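Asker: make a model of this:
(one chain, ligands or ions: 1)
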Amino acid sequence: LEQRAAELNKVLTQYGHEYYDLDAPTVPDAIYDQLMKELIEIEEEYPDLRFPDSPTQRVGGQTLTAFEKVTHDHPMLSLGDTFSEEDVRAFDERVRQNIGDNFRYVCELKIDGLAISLKYVDGVFVQGATRGNGTIGENITENLKTVRSVPLRLTKPVTLEARGECYMPKRSFNNLNKERAEREENLFANPRNAAAGSLRQLDPKIAASRNLSTFMYALGTNGEEFGLTCHSDALDFLEELGFRSNHERRICTSLDEVFAYIEEWTEKRPTLPYEIDGIVIKVDDYDQQQELGNTVKVPRWSIAYKFPA
Ligand SMILES: COc1nc2nc(N)nc(N)c2nc1C
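Answerer: Predicted structure coming up:
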């Protein structure tokens, strides 16, 4: 039976990957559902056969009565906002006054979702949480287990915290609101609210049905324990471990390149399959981030440029 469970685990993970990640299923849904049902039954009867990375975790477990609170090891800061070119120039000026001219930025798309924290012990997903007030968030592990792009097990048995954004792709948002309109239910105003609403459901099966995704953009620490020296290396490291991180990021060594990036994505924004509400500009080197430091709420080494509403 243990062998059967391991075999089902393997084949369902493969089928799931083909269906959800490659959009190219090789077996009909009925077969997939029947095999999943068999594995759920085995795990129900023999709980010690339920491995942490079992594909059954993706369908959502029991409904919770409430979300527990979790205190973040390191505060989850938000971002200072800027709305104009001169605001960005002023930010750049402050950076130069502080650390001189020898630095580079990383520019990224500002994903319009919900900030999340994902914790792993020896490579296994153990806790997912919302930002909450930055210090205390809600434990939404069961819901985040149903989000396909959240790895249940990393490619390396490392212990770390990853931070990023959970979002609902535009297509899923439109389909969800179409279904709700047919059922004469109230519609979600935008994908961000839909993602937040989905993750706040106590029944994980609802989150499982909402086709949420993630882009991870930071480690909880400065990655020293992994020999990382800058933010862009951390993004590559996160991808090696199995996280999704956004590929549109760009190293910028001058403000002109930053403005060119902002210009480019102001134009291309409607073509993206997910919502962004701005661009995030970050000093790349960790030592320089440390030098610049943080205020109580926001980093001094990063700023968000928000698109005009
Ligand atoms: C350093 O803090 C942050 N970095 C970010 N990066 C991207 N790309 N998108 C975000 N939404 C974001 N949000 C925060 C708080």
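Asker: what does residue 244 show for phi and psi?
Answerer: Per-residue torsions, residue 244: phi -90, psi 130 (degrees, to the nearest 10).
Asker: give me the neighbour count for the closest residue to it other than its chain neighbours.
Answerer: In space, and not counting its chain neighbours, residue 244 is closest to residue 149: 4.6 Å by Cβ to Cβ, 6 or more residues apart in numbering. C-beta: built from backbone N, CA, C; applies to glycine. Residues contacting residue 149 under the criterion other Cβ atoms under 10 Å number 17.
Asker: and what of residue 46?
Answerer: 12.
Asker: now do the same contact list for it.
Answerer: Residues in contact with residue 46 (Cβ atoms under 8 Å, 6 or more residues apart in numbering) are 1, 5.
Asker: list the helices and strands the helix or strand containing residue 282 packs on?
Answerer: Per DSSP states H and E, residue 282 falls inside strand 276-283. Judged by 3 or more Cβ pairs under 8 Å, 6 or more residues apart in numbering; DSSP states H and E, strand 276-283 is in contact with helix 85-99, strand 105-111, helix 255-268, helix 286-292, strand 302-306.
Asker: related to what we said a few turns ago, the residue nearest to residue 244 touches residue 214, doesn't it?
Answerer: Yes: at 4.7 Å, residue 149 counts as touching residue 214 under the criterion of Cβ atoms under 8 Å.
Asker: how about the residues of the protein by the ligand?
Answerer: 78-79, 108-111, 115, 165, 217-218, 280, 299, 302 (Cβ under 6 Å from any ligand atom).
Asker: rewinding a little: quick check: neighbours shared by residue 149 and residue 214?
Answerer: With Cβ under 8 Å, 6+ apart, residue 149 and residue 214 have common neighbours 243, 244.
Asker: what's stretch 221-229 in contact with?
Answerer: Taking Cβ under 8 Å, 6+ apart as the rule, stretch 221-229 contacts 74, 158, 160-161, 219, 233-234, 237, 285-287, 289-290.
Asker: residues contacting the nearest residue to residue 177 once chain neighbours are set aside?
Answerer: Take residue 177 and drop its neighbours on the chain: the residue closest to it by Cβ to Cβ, 6+ apart is residue 187, 4.6 Å away. With contact set as Cβ under 8 Å, 6+ apart, residue 187 has these partners: 177, 180, 181.
Asker: quick one: distance of the helix or strand containing the second one to the chain centre.
Answerer: Per DSSP H and E, residue 180 falls inside helix 170-182. Centroid displacement of helix 170-182 relative to its chain, using Cα atoms, centre = their mean, to the nearest Å, is 22 Å.
Asker: then stretch 208-222?
Answerer: 1 Å.
Asker: now swap in stretch 175-191 and tell me
Answerer: Worked out by Cα atoms, centre = their mean, stretch 175-191 lies 24 Å from the chain centre.
Asker: go on, stretch 206-217?
Answerer: For stretch 206-217, the distance to the chain centre is 8 Å (Cα atoms, centre = their mean).
Asker: same question, stretch 41-58
Answerer: Centre to centre, stretch against its chain (Cα atoms, centre = their mean), the figure for stretch 41-58 is 25 Å.
Asker: pLDDT of that stretch, averaged?
Answerer: For stretch 41-58, mean pLDDT rounds to 91.
Asker: tell me the spacing between the closest residue to residue 205 other than its chain neighbours and residue 179.
Answerer: Excluding the flanking residues, the one nearest residue 205 by Cβ to Cβ, 6+ apart is residue 60, at 4.0 Å. Note on residue 60: its distance to residue 179, by Cβ to Cβ, to the nearest Å, is 18 Å.
Asker: again, but for residue 113
Answerer: For residue 113, the distance to residue 179 - Cβ to Cβ - is 20 Å.
Asker: settle it for me: which of those two has more neighbours?
Answerer: More crowded of residue 113 and residue 179, by other Cβ under 10 Å: residue 113, with 25 against 11.
Asker: the more buried one contacts residue 166, correct?
Answerer: Yes: taking contacts as Cβ under 8 Å, residue 113 lies within contact range of residue 166: 5.2 Å.
Asker: which residues do the two both contact?
Answerer: Joint contacts of residue 113 and residue 166 (Cβ under 8 Å, 6+ apart) are 195, 214.
Asker: can you name the residue of the protein nearest the ligand?
Answerer: residue 108 (3.6 Å; Cβ to the nearest ligand atom).
Asker: number of nearby residues for that residue?
Answerer: 26.
Asker: now do the contacts for it.
Answerer: Counting by Cβ under 8 Å, 6+ apart, residue 108 touches 217, 246, 248, 249, 279, 280, 282.
Asker: what does the model give it for pLDDT?
Answerer: Predicted confidence (pLDDT) for residue 108: 98.
Asker: and for the one 4 residues further on?
Answerer: Per-residue confidence (pLDDT) for residue 112: 97.
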